[in-house]
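> 3D, please:
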Amino acid sequence: MALFIPPWFSLSLPLRYAFDKTTALHDQPHDNISLSEDQPILCQQCRTVITTATAAIELAGQHAHRLTNPADVTFEVVLYREANCVAQGPPTWEHSWFTGFAWQLALCGRCAMHLGWLYTKPESLGFYGLIKTQLVFGKNGKIK
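Okay, the predicted model is just below:
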């Protein structure tokens, strides 16, 4: 089931529903899916190219993280240094899953599907934490 959050919704979201950090998964990127370096990763809803396998990064030794917010909703989040997303709302450090990084919602620039979060901090390059179930791995959703 796809989770769609309209752009106006985040402006009315109380801070108590912000996100909190938990433990990392101990799996390999993309559950051992074999993606070529130039293989696109697409928005699950509109199939727009969001990023590629070469943009994958690790934090705390992991590319994939299982994270639960204060509302007890769990997400499997995969990390990328760049993504074709639009940041929504002001950055906040409250309940950030990644210490020292502020977060904003990250929406697909084409269909506005909530794909994850943009994480930033002043003295560092930012990254995207994208919800794995909101993505399609491979060209047209097919795995090589």
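> any weak-confidence spans in this protein?
Residue ranges of the chain with pLDDT under 70: 1-37, 139-144.
> Now the residue most central in space within it: closest residue in space, sequence neighbours ignored.
Central residue of the chain (CA atoms, centre = their mean): Leu130, 1.5 Å from the mean position. Closest residue to Leu130 apart from its sequence neighbours, by CB to CB, 6 or more residues apart in numbering: Gly116 at 3.8 Å. In short, each C-beta sits where N, CA and C put it, glycine included.
> now for the helix or strand harbouring the one you found, which elements pack on it?
Following DSSP states H and E, one finds Gly116 within strand 114-121. Applying 3 or more CB pairs under 8 Å, 6 or more residues apart in numbering; DSSP states H and E, one finds that strand 114-121 contacts strand 74-80, strand 85-92, strand 102-108, strand 124-131.
> quick one: it to strand 102-108, angle?
Going by axes from the mean of the first three to the mean of the last three CA atoms, to 10 degrees, strand 114-121 is angled at 150 degrees with respect to strand 102-108.
> tell me the most buried of the helices and strands packed on strand 114-121?
strand 102-108 (a mean of 22; mean count of other CB atoms under 10 Å).
> For it, C-alpha coordinates in PDB please.
What follows is strand 102-108 as a C-alpha-only set of coordinates in PDB (Å, rounded to 0.1, in the frame of the first residue of the first chain):
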ATOM      1  CA  ALA A 102      17.800  17.900  10.600                       C
ATOM      2  CA  TRP A 103      15.100  16.300   8.400                       C
ATOM      3  CA  GLN A 104      12.400  17.400   6.000                       C
ATOM      4  CA  LEU A 105       9.800  15.400   4.100                       C
ATOM      5  CA  ALA A 106      11.100  14.300   0.600                       C
ATOM      6  CA  LEU A 107       8.400  14.100  -2.000                       C
ATOM      7  CA  CYS A 108       8.500  12.900  -5.600                       C
END
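> Tell me the helices and strands packed up against it.
Secondary elements touching strand 102-108 (3+ CB pairs under 8 Å, 6+ apart): strand 85-92, strand 114-121, strand 124-131.
> at 7 Å what do you get?
Strand 102-108 is packed against strand 85-92, strand 114-121, with contacts defined by 3 or more CB pairs under 7 Å, 6 or more residues apart in numbering; DSSP states H and E.
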